[in-house]
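Q: Predicted structure and sequence below. I'll ask about it afterward.
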Amino acid sequence: MSTAVPPPQPRGIDLSLPTCGETQCNSHGTCVIPPGGGADLVCDCELGYRGESCEDTVNGALSVPLTLGVVAVIIGMLIMAFIFAKLRQRQKKKRRRQLAEKHGYNIAV
């Protein structure tokens, strides 16, 4: 009887395993030793992220008011464009009527 010997496994770092930054810092930071030492690692968050595990965005609280502000500006511009178009239409109609009266045309405007 012979026993099968498993093939030798490579030694070193297994790059397929998730890193501390991916698991503990939500892929938005890196794990570092805290200043002053300690056993637990802390997250050093990327720009734009904060929190113990880099779970909060810095501008997350601004997203709703900013979106509403942009929508309000767009709606305001549409209303202004509509008013401008109506005024322009009235001016053209008035100008046509004045030209018709000046030249003696009898047209219904």
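A: Alright, I've got the coordinates.
Q: Tell me which stretches of this protein form strands.
A: Taking DSSP state E to define them, one finds strands in the chain at 29-32, 42-45, 49-50, 56-57.
Q: just how off-centre is the first one within its chain?
A: Right, strand 29-32. Distance, stretch centre to chain centre, for strand 29-32: 24 Å (C-alpha atoms, centre = their mean, to the nearest Å).
Q: what's in contact with that strand?
A: 19-21, 24-25, 41-46, 49, 54 (C-beta atoms under 8 Å, 6 or more residues apart in numbering). C-beta: built from backbone N, CA, C; applies to glycine.
Q: Could you save those residues as CSV and add columns showing neighbour count, pLDDT and distance to Gly104?
A: Compiled in CSV, the contacts of strand 29-32 are given as follows (neighbours: other C-beta atoms under 10 Å; pLDDT from 0 to 100; distance: C-beta to C-beta, whole Å):
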residue, neighbour count, pLDDT, distance to Gly104
Thr19, 12, 70, 88
Cys20, 13, 74, 90
Gly21, 20, 66, 85
Gln24, 19, 82, 88
Cys25, 25, 85, 84
Leu41, 15, 83, 92
Val42, 16, 86, 89
Cys43, 22, 87, 85
Asp44, 13, 89, 85
Cys45, 21, 89, 80
Glu46, 14, 88, 77
Tyr49, 19, 86, 76
Cys54, 21, 86, 80
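Q: Tell me the one among those nearest to Val71.
A: Minimum distance to Val71 across the contacts of strand 29-32 is 26.5 Å, recorded for Tyr49 (C-beta to C-beta).
Q: gap between Val42 and Ala85?
A: 59 Å (C-beta to C-beta, to the nearest Å).
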